[in-house]
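Engineer: Following is a predicted model, sequence given first.
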Amino acid sequence: MNRAISKIERPRPVSELVLERLRLDIIENRFALGEKISETQLSELYGVTKAPIRSAYIRLEGEGLIEIRPQNGTFVFRPTADELRALCELRTALEVEAMALALERDPEGLAADIQRILVAMHEALKVRAREVYQGLDTEFHLSIIGRAKSALLEQTYLSQVNSRFAALRFRFSLDKAHNANSISEHEALRRAIMARDRDGAIALLRAHIAHTERYYSTMAI
């Protein structure tokens, strides 16, 4: 045998495809915050049976992206001020610990990630590619989580924090001044990470998340 033979790729289950599609459609504002969504509606939109829709509901309720209200229906999440505060508190706890761990366990990998992402963020702002910028913002914070090399921390962040903040970024990070402040704060974080300044990076990250909470709370959530 002269050539390597690759394995046959099996088709992905419909339930996985529906889960990813519905998650993305919520994050990218194809369904509004607080909007009621039904199995029948989604089944028709996606061209699938209701079974994978129900499966996706279970996962997305666990991620906080939807709320299932017995006898009333299923709704896209819409956080109150108190819920947003609690979510930011959880995000702070996880990201701050992840920052400390990442700078201890993989500072070179983290610095390389952040440098690459910041270059792309500047380019996205330059050409006003808002959707690309918000995706890179999410990637920036996920890189901190990933480089911490803490499986349970990452699992908790992905299941409880990431999707909801991705959705909020997509909807509310529209203002030019806010985006200018956002890129400035990310640049400050980059400098602290490159300098291996653990305390400085943690202080900047805390302030960045606090600014995010204040901004989102003014957007009539």
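Structural biologist: Structure received.
Engineer: Just give me the neighbour total for residue 70.
Structural biologist: Other residues lying near residue 70 total 5 when counted by other CB atoms under 10 Å. Yep, even glycine has a C-beta here, placed from its N, CA and C like the rest.
Engineer: Apologies, that question was intended for residue 215.
Structural biologist: Residue 215 has 16 neighbouring residues, counting by other CB under 10 Å.
Engineer: Please, which helix or strand holds it?
Structural biologist: Secondary structure from DSSP states H and E places residue 215 in helix 198-217.
Engineer: now the strands for the chain?
Structural biologist: With strands called from DSSP state E, the chain shows them at 36-37, 66-69, 73-76.
Engineer: The helix or strand bottoming out on mean pLDDT in the chain to helix 198-217, inter-axis angle?
Structural biologist: Across the helices and strands of the chain, the lowest-confidence element by mean pLDDT, DSSP states H and E is helix 163-172, at a mean of 90. In terms of direction (axes from the mean of the first three to the mean of the last three CA atoms, to 10 degrees), helix 163-172 departs from helix 198-217 by 60 degrees.
Engineer: Residue numbering should commence at 20 henceforth.
Structural biologist: Okay, using 20 as the starting number, the last item reads as helix 182-191.
Engineer: what's helix 182-191 in contact with?
Structural biologist: Outside of helix 182-191, the residues within contact range by CB atoms under 8 Å, 6 or more residues apart in numbering are 42, 45-48, 52, 79, 82-84, 96, 98, 106, 110, 150, 153, 156-157, 160, 231, 234-235, 238, 240.
Engineer: And stretch 199-215, by the same measure?
Structural biologist: Here stretch 199-215 has contacts from 122, 126, 129-130, 133-134, 137, 140-141, 144, 156, 159, 192, 219-220, 223-224, 226-227, 230, using CB under 8 Å, 6+ apart.
Engineer: Weed out the non-buried ones from those.
Structural biologist: Among the contacts of stretch 199-215, the ones that count as buried by 16 or more other CB atoms under 10 Å are 122, 129-130, 133, 137, 140, 144, 156, 159, 192, 220, 223-224, 227.
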